[in-house]
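>>> Just a sequence and a predicted model for now, questions to come.
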Amino acid sequence: MISNYFKIALRHLKKNKLYAFVNIAGLAIGIASCLLIGIYIWQELSYDRFHKNAERITRVTWQYNFGDAETKTANTGTKVGPQFRRTFPEVETYVRLLKYPRVLKYEDKVFEEKNFLYGDSAFFSMFTFPLLKGNPATVLDAPEKLVMTQSMANKYFGNSDPIGKTVNVGGTKDFVVTGIVADAPENSQIQFDFIGSFTTLNASKTEKWNEANYITYLLLQQKAQLAPLQQKVAEYAKKVGKEEMQVEGNNYMTFHLEPLTKVHLYSKLDDGLEPNNNIVYIYILAAVALLILLVAGVNYTNLSTAQSAGRSAEIGMRKVMGARKWQVFNQFICESFVLTLFAVILALGLSAILLPYFNELSGKDLERKILFSPLTLGGLLILAILVTFTAGAYPALVLSNSKIIQILKSGFRLTSSGGLRKSLIVLQFVISIFLIVSTIVILQQLSYIQNKALGYNKEQVLVLPLDAKVLDQYDDFKQAFSRSPGVLSVGGAYESPTDIGWGDGLTSVSDGKKISINALPADESIVKTLELQIIAGSDYTLTDVQQFDTSDNGNNIRYQFMLNESAVKAFGWTPQEAIGKKVAKGREGVIKAVVKDFHFRSFHEEIKPLAIFLDRQMLGCFFVKVADNNLPGTLSSLEKTWKQRVPNRPFEYSFLDEEYNALYKTEQRTASVFTTFSTLAILLACLGLFALTAYVMVQRTKEIGIRKVFGATVTDILTLVSKDFLKLILISMVISIPVALYAINIWLKDFAYRITVEWWVFPLAGLLAILIAFFAISYQAIKAAVANPVKSLRTE
């Protein structure tokens, strides 16, 4: 009997090609979308869970207010790790990490390596990064020891054994290679190519609570100790703040413990080792996947009930011949399963073909073998069964419960399921309009981020890293770069203005008021090169540089500060009042200028107080403003100048606008995935409406023929058919608009600087839905309207 069910199912699908194509294609696209989004979500949720001790590892973060602004950072001082281990018995060990790009040289191979970490000796006992060569306990237990990944070993040493060989790091120190480690998996927030011993750093020789430049991890004795330890840490931080940091009044400092497995998706701090994702985006993508599958399932249910109008004779004969309800039900469930199984197989093939494009879209490197793992295949089988019964059960029940006399007398009519069919159409377009509104707002916010005035000019600015050797020749470099054709200006600063992370304090000498600031050491040309806007005071000059006294080990330094508007406001001054006032950042200095607020962090954060101060000794990168004509020639000239003066360091650069765009990489990729799959969901809804219209036209053939005989035009017929569907879309608009408004406002709240959702977005989304639906309906409606009414009435 079961084999007979399958034969009839295959025969029916072959006979009704449009029905089969729409349902199989729709379900396949829906399932493929779910599968691709599903493996993306699975990888995001799996971040850092491969570590053996993952549940016992926590990251320490620092929160403080040393003035009138609260600061939260993932960076801590060098004292946090060792002091916590000494103080709290719950802490088994600690690891401090510092990410620091370095130039490495081995024989004639010289490269600038971005993923260079310094780490404590417990790194390989805390984290599960398999060492291929070397002893985990000793590979980082002394200064100038180096562990490299397998891919880097191949890059520098080829087939020879790197162990025991010497690699120059930074042009100043020779490191001995003591270990080879497997490449870090993609689902790790700790990405590295090299790990140097932390004891190499001068900072390791002293322990400080402040000077927070290091990521600190703790390994707890037991997982359950996290919550009690957090309470102990909070109390201990109060003691440290009062006794060691002289925190008084409303000022405070504290530390938080973030579970390692929660950092990637739940942490709000963006200054860790790698950019975080956001759990909200995971929920959004999961919702899109489910909505796509829901649209495909609605298509199936609608088309199954509509298409059954042509099976009245078959159903009637089955019942006359003695078929029972459960047998008819099983027949149609079997057809549903066959169709769904075809869709699942096609979806698996589509996913394998489209995975490289999905990787490019999402920025991932997912492998095809994930698609064919037992877990994935088992999940697909369960999904096929669920779709079979959720989407196929209602049509099967309607058909199996039909009365014989009614079927034989007037056939199976769609009116028996019209209410459900209309509800499902409304549901489809509620989803479609919701996705259209969401897509428009997401793209508007990203456009706002790209086009809003930042307070500096990021266009046509090259960023080149500096080191001690370059700083020794700074004036020569700067003059040589300035003479290159196409160069408009050259300046330097400690770090890029797109993400200034240096946290510090600034005190007013006159009244002792202290505020928390971000600090940026710079040279005298930074304002001109980045086109910062001075609203009070004057720019730095060469005279200021010449008066910068670095004698007596820097004890005679007197800083000249440029504060932003937010810093001046925090002190309670106007920009004009601030000029000439004395402030102290360790050493006293005078305020020379006030610059207009500019965005030096992402749009997720409000602009905070900032102090720019003149100090050439602290520069970390060159900024070269270039003309937009003959850029290749300008780059060639700069490269030649660079290689003549720094043969030990490769000429590697980035553009400032690229660094800015990298801040929003997560949002851009999520938006791309969301837009792509939202478009698919809308197309699926239209595909189902197209096929449903075709079946409705078949049922109304006689009615349309009679109307034409009595003089109805093509426009009249088109209006007749369209108005019912358009009414349903209008109902969908009323339902979807408040839901969409609520959802997008939740998403926008994550941005400190965001758009206001305009009223016209909602009627535009509704209009787009109406137009899309109209085009899906009109073909079948016009086809029925131009048919010969005589033929229509005769065949009916």
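Okay, I see it. Keep in mind the model is a prediction, meaning the values are calculated, not measured. Numbers count the residues shown, from 1 in each chain.

>>> List the buried residues of the helix or strand that contains residue 488.
Using DSSP states H and E, residue 488 maps to strand 487-493. Within strand 487-493, the residues that qualify as buried by neighbour count (16 or more other Cβ atoms under 10 Å) are 487, 489, 490, 491, 492, 493. (Each C-beta comes from the backbone N, C-alpha and C, glycine too.)

>>> a helix runs through residue 142, doesn't it?
No. Assessed by DSSP: H, G, I helix; E, B strand; the rest coil, residue 142 does not belong to a helix; its assignment is coil.

>>> From what I see, it and residue 204 are in contact.
No. Residue 142 sits out of contact with residue 204 when judged by Cβ atoms under 8 Å, with a separation of 11.4 Å.

>>> Switch the buried residues of strand 487-493 over to TSV; also include pLDDT and distance to residue 772.
TSV is the format used below for the buried residues of strand 487-493 (pLDDT from 0 to 100; distance: Cβ to Cβ, whole Å):
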residue	pLDDT	distance to residue 772
487	92	51
489	94	51
490	93	53
491	93	51
492	93	54
493	94	50
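
>>> Which one's more surrounded, residue 142 and residue 204?
Neighbours were counted for residue 142 and for residue 204 using other Cβ atoms under 10 Å; residue 204 has more, 18 against 13.

>>> can you list the weak-confidence ranges in this structure?
Applying pLDDT under 70 to the chain flags the ranges 1-18, 67-69, 304-328, 391-420, 548-557, 695, 698-699, 789-796.

>>> buried residues in the lengthiest helix in it?
Among the segments of the chain that qualify as a helix by DSSP state H, the longest is helix 325-362. Buried residues in helix 325-362, defined by neighbour count with 16+ other Cβ under 10 Å: 328-344, 346-348, 350-351, 355, 358, 361-362.

>>> Repeat that for stretch 207-224.
Going by neighbour count (16+ other Cβ under 10 Å), the buried part of stretch 207-224 is 209, 210, 211, 212, 213, 214, 215, 216, 217, 218, 219, 220.

>>> what about the strands in the stretch 51-200 of the chain?
57-65, 71-73, 91-99, 102-106, 109-113, 116-119, 131-133, 145-149, 166-169, 173-181, 194-197 (DSSP state E, counting those that start in this stretch).

>>> which stretch among those strands comes nearest residue 248?
Evaluated over these, closeness to residue 248 peaks at strand 57-65, with 11.5 Å, by Cβ to Cβ.

>>> Show me what that closest one is in contact with.
Residues from elsewhere that reach strand 57-65, judged by Cβ atoms under 8 Å, 6 or more residues apart in numbering: 51, 70-76, 80-81, 84, 126-127, 212, 215-220, 226, 241, 247, 250-260, 263, 267, 269, 272, 516.

>>> Give the pairing partners of it; include direction for each.
strand 71-73 (antiparallel), strand 215-220 (antiparallel), strand 252-259 (antiparallel) (DSSP bridges).

>>> Throw those strands into a markdown table and include distance to residue 635, thanks.
Formatted as a markdown table, the strands paired with strand 57-65 follow (distance: least, Cβ to Cβ, whole Å):
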| stretch | distance to residue 635 |
| --- | --- |
| strand 71-73 | 36 |
| strand 215-220 | 34 |
| strand 252-259 | 42 |
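
>>> among these, which is nearest residue 659?
Closest to residue 659 of these, according to Cβ to Cβ: strand 71-73, at 19.6 Å.

>>> Centre of the chain to that closest one, how far?
In this view, strand 71-73 has its centroid 21 Å away from the chain centroid, taken as Cα atoms, centre = their mean, to the nearest Å.

>>> Please give the element, helix or strand, for the most centrally placed residue in the chain.
Central residue check for the chain by Cα atoms, centre = their mean: the C-alpha nearest the mean position is that of residue 666, 2.1 Å away. Here residue 666 sits within helix 665-699, counting by DSSP H and E.

>>> Just the buried positions in the helix or strand following that helix, please.
Sequence-wise, the next helix or strand downstream of helix 665-699 (DSSP H and E) is helix 701-709. Counting neighbours by 16+ other Cβ under 10 Å, one finds that the buried residues in helix 701-709 are 701, 704, 705, 707, 708.

>>> And for stretch 295-305?
Applying a neighbour-count criterion of 16+ other Cβ under 10 Å, the buried positions in stretch 295-305 are 295, 296, 297, 298, 299, 300, 301, 302, 303, 304, 305.

>>> Turn the residues you listed into TSV, including secondary structure and distance to residue 648.
What follows is those, written out as TSV (DSSP: H, G, I helix; E, B strand; the rest coil; distance: Cβ to Cβ, whole Å):
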residue	secondary structure	distance to residue 648
295	helix	59
296	helix	60
297	helix	63
298	helix	65
299	helix	64
300	helix	66
301	helix	69
302	helix	70
303	helix	69
304	helix	72
305	helix	75
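
>>> Appreciated, that's everything.
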